[in-house]
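Visitor: Sequence first, predicted model second:
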Amino acid sequence: MPDSAPPPSTACAEVWARLAARAADPAARSVREKLRCDANRFPRFSASGAGLVLDLSRTSLDEALLADLLALAEAADLVGALKRQMRGQMVNATERRAALHTAARAPDGVGIRAETPDGWQDASALVERERTRLRAFVMGVHDGTIATASGVPFASVLNLGIGGSDLGPAMATEALAAVRPRLAAHFVGNVDGHGLAATLAGLDPARTLVLIASKSFTTQETMVNARVVRAWLAAAIGEEGVGRHLAALTANGVAAEAFGIAPDRIFTFGEWVGGRYSLWSTIGAAIALARGWDSFTGLLAGAQAMDTHAVTARPRRNLPLLFALTHTWHASFCGHRAYACLPYDSRLARLPAWLQQLEMESNGKRVDQAGRPVSFPTAPVVFGEPGTNAQHSFLQLMHQGTDIIPADIVLIARPDHNLAENHRLLLANALAQGAALALGRSEAEARADGEAKGEDPGLAPHRTFPGDRPSLFLHLPRLDPFHLGALLALYEHKVALQAALWRINAFDQWGVELGKRLAQPLERALATGDPAGLDPASAGAVRLLAKLG
Ligand code: F6P
């Protein structure tokens, strides 16, 4: 059991202690008994909002536990914290920035302002100006008025970006595969030349529009890849045509211009949009180019609907709040140090990767906002894979391993194909996983079953499932832009609400800095073959690589 000490100096210490005591009682953590004894669990522990249904009936929630969790939310003023974030306050204290991705997807005319060290700025004005410019660009590419250097329409878009400048756009573009494609989309994030070379080998430079997506426009991987791709374009279409094939998506317009991108091809956004929260901003250009402007705005509309729900729904029916509290119960009180994201739709194959950055880069923190070490576990490890594939790999461990790993299971009611049997089987498998995880199978049941089949009784322990393993179901009617937007916003708000409860900063990412800094002398050592000044392990690896390479 983790040390569940409350965050220091909070008004919620009492209820935190009550929850910690509750978690020490195995009966409170049981899922099986609650599911067996309460025929009304589904309606009582599910809620809907922005077109989504969140079903928590396969968790250990009961009325008393939920009451304590909601009391914790109230004592910590979690929804108040979300409102302050959405009003543009400088909630990212270490970087002295607001976290206003919600403004990036807000409708025109809402007049949201962002707090900065120099006062308040009109965030909405910037969003609306750049969204209008991006729309004109996307429409122009689609109708051919913005064309290649030789005057023909673009056939492909290549997005060069990493982290939030890649994962969100790539995931959403793939998820919306049912929408008629306008341009073929390709994404390269890694500096690994294999991926870049393979992608370029499959593309015609004369028909490819290249987006350099980087909030900072300094990220090493993206800049190296951008220079390679620029040279690839120039070699094929001539230096004079390159500018017509490039656009930049960035908060650093000055650096983009210095790179040689024409100002009318630079689409900016505010510093107050964090990288992992940026798919709603001009960073989402690839989604609009590949799936159409209406799909992009549909995505924004779904997220807006979830934003409104998050700050207006009453706590008992508030999806982000219930989602955050249930996950916190698992992570901070029950000691479940990982959870799985299992979308039962192969179009959501990249959802776990997007979620990994969102969850772990945001809340993978060990000090609170004031810099004091926290004394309780924060973000768990997230991993995942679409079902049913996951059932044939790691779900064995989730059913019978020594750790309890809760699962988020995402279901789409109506598919975009007409293979009805396939879809029924897919849904049945998802529901079966939830039931097997929760209910398990006792050794007595395994023994009786084995006896009936004439099996060796020694197999019974191997065929026993402990059960009591929670899963949270998310139901979407369809995987369309609106519901995808709502799903992603739900996860964003869950992460923000948990950070507010843990009193950590969800919007900085200092943990990625050290490795970036250390890569510089290592690159020099690899180039010169001289490992002087490196630690012994790094020096040994540099010498070995020189010998093997
Ligand atoms: O890995 C750190 C990080 O800053 C992420 O937060 C960000 O999404 C990624 O790098 C890419 O940054 P940029 O968009 O500035 O290139």
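Guide: Nice, thanks for sending it over.
Visitor: Distance check, the residue lying farthest from the centre of the chain against Arg441.
Guide: Largest separation from the mean C-alpha position in the chain: Gly454, at 48.0 Å (CA atoms, centre = their mean). Going from Gly454 to Arg441 by CB to CB, to the nearest Å gives 18 Å. Backbone N, C-alpha and C define where each C-beta goes, glycine included.
Visitor: re earlier: helix/strand/coil for the residue farthest from the centre of the chain?
Guide: Secondary structure, DSSP: H, G, I helix; E, B strand; the rest coil: Gly454 is coil.
Visitor: Over to it: give its phi and psi.
Guide: phi 70, psi 30 (degrees, to the nearest 10).
Visitor: could you pull out the strands for the protein?
Guide: Using DSSP state E, the strands of the chain run over residues 46-49, 52-55, 113-116, 119-122, 156-160, 184-188, 208-213, 246-250, 266-268, 338-343, 381-384, 407-414, 471-478.
Visitor: Of all those strands, which one comes closest to the ligand?
Guide: strand 208-213 (6.7 Å; CB to the nearest ligand atom).
Visitor: For that closest one, which outside residues touch it?
Guide: 141, 148, 154-161, 165-166, 169, 183, 222, 226, 229-230, 233, 245-250, 256, 259, 261, 283, 285-286, 289 (CB atoms under 8 Å, 6 or more residues apart in numbering).
Visitor: check contacts around the residue nearest in space to the middle of the chain.
Guide: In the chain, the centroid-proximal residue (CA atoms, centre = their mean) is Leu355; its distance is 2.5 Å. Leu355 makes contact with Cys341, Val382, Gly384, Tyr491 under the criterion CB under 8 Å, 6+ apart.
Visitor: What's opposite the third one in the beta bridge?
Guide: Beta bridges link Gly384 to Cys341 when assigned by DSSP bridges.
Visitor: okay if I get the strands of the chain as JSON lines plus mean neighbour count and distance to the ligand?
Guide: JSON lines is the format used below for the strands of the chain (neighbours: other CB atoms under 10 Å; distance: least, CB to the nearest ligand atom, whole Å):
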{"stretch": "strand 46-49", "mean neighbour count": "18", "distance to the ligand": "28"}
{"stretch": "strand 52-55", "mean neighbour count": "20", "distance to the ligand": "26"}
{"stretch": "strand 113-116", "mean neighbour count": "20", "distance to the ligand": "18"}
{"stretch": "strand 119-122", "mean neighbour count": "14", "distance to the ligand": "20"}
{"stretch": "strand 156-160", "mean neighbour count": "26", "distance to the ligand": "10"}
{"stretch": "strand 184-188", "mean neighbour count": "21", "distance to the ligand": "13"}
{"stretch": "strand 208-213", "mean neighbour count": "27", "distance to the ligand": "7"}
{"stretch": "strand 246-250", "mean neighbour count": "27", "distance to the ligand": "8"}
{"stretch": "strand 266-268", "mean neighbour count": "22", "distance to the ligand": "12"}
{"stretch": "strand 338-343", "mean neighbour count": "24", "distance to the ligand": "19"}
{"stretch": "strand 381-384", "mean neighbour count": "18", "distance to the ligand": "16"}
{"stretch": "strand 407-414", "mean neighbour count": "20", "distance to the ligand": "22"}
{"stretch": "strand 471-478", "mean neighbour count": "20", "distance to the ligand": "24"}
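Visitor: Put together a markdown table for the ones you listed, with mean pLDDT on each row.
Guide: Output for the strands of the chain, formatted as a markdown table (pLDDT from 0 to 100):
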| stretch | mean pLDDT |
| --- | --- |
| strand 46-49 | 98 |
| strand 52-55 | 98 |
| strand 113-116 | 98 |
| strand 119-122 | 97 |
| strand 156-160 | 98 |
| strand 184-188 | 98 |
| strand 208-213 | 98 |
| strand 246-250 | 98 |
| strand 266-268 | 98 |
| strand 338-343 | 98 |
| strand 381-384 | 98 |
| strand 407-414 | 98 |
| strand 471-478 | 98 |
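Visitor: ok, His392 to Glu385 distance?
Guide: 10 Å.
Visitor: quick one: which of the two has more around it?
Guide: Glu385 (20 against 10; other CB atoms under 10 Å).
Visitor: And the pLDDT for that one?
Guide: For Glu385, the model assigns a pLDDT of 98.
Visitor: and it, how far is that from Ile405?
Guide: Distance from Glu385 to Ile405, by CB to CB: 13 Å.
Visitor: List the residues that contact the residue of the stretch 251-400 of the chain found nearest the ligand.
Guide: Of all residues in the stretch 251-400 of the chain, Gly275 sits closest to the ligand, at 2.7 Å by CB to the nearest ligand atom. Gly275 makes contact with Gly163, Gly164, Ser165, Lys215, Gln509 under the criterion CB under 8 Å, 6+ apart.
Visitor: got those residues as JSON lines, with pLDDT columns?
Guide: Shown next, in JSON lines, are these (pLDDT from 0 to 100):
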{"residue": "Gly163", "pLDDT": "98"}
{"residue": "Gly164", "pLDDT": "98"}
{"residue": "Ser165", "pLDDT": "98"}
{"residue": "Lys215", "pLDDT": "97"}
{"residue": "Gln509", "pLDDT": "96"}
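Visitor: And the furthest pair within those?
Guide: Ser165 and Gln509 (13.3 Å; CB to CB).
Visitor: neighbour count winner among these two?
Guide: More crowded of Ser165 and Gln509, by other CB under 10 Å: Ser165, with 30 against 21.
Visitor: From the ligand, how far out is that one?
Guide: Counting by CB to the nearest ligand atom, to the nearest Å, the gap between Ser165 and the ligand amounts to 4 Å.
Visitor: Name the nearest residue to that residue, sequence neighbours excluded.
Guide: Ala213 (4.0 Å; CB to CB, 6 or more residues apart in numbering).
Visitor: Is the one you found bridged to anything, and to what?
Guide: Going by DSSP bridges, Ala213 forms beta bridges with Leu249.
Visitor: Report how many residues lie close to Leu200.
Guide: What Leu200 shows, counting by other CB under 10 Å, is a neighbour count of 19.
Visitor: repeat for the one 3 residues further on
Guide: Other residues lying near Leu203 total 19 when counted by other CB under 10 Å.
Visitor: In contact with it, which residues?
Guide: Ser156, Leu158, His186.
Visitor: re earlier: including distance to Gly529, could the contacts of Leu355 go into JSON lines?
Guide: Formatted as JSON lines, the contacts of Leu355 follow (distance: CB to CB, whole Å):
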{"residue": "Cys341", "distance to Gly529": "43"}
{"residue": "Val382", "distance to Gly529": "39"}
{"residue": "Gly384", "distance to Gly529": "41"}
{"residue": "Tyr491", "distance to Gly529": "46"}
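Visitor: Can you say which two of the residues you listed are spatially most distant?
Guide: Gly384 and Tyr491 (12.0 Å).
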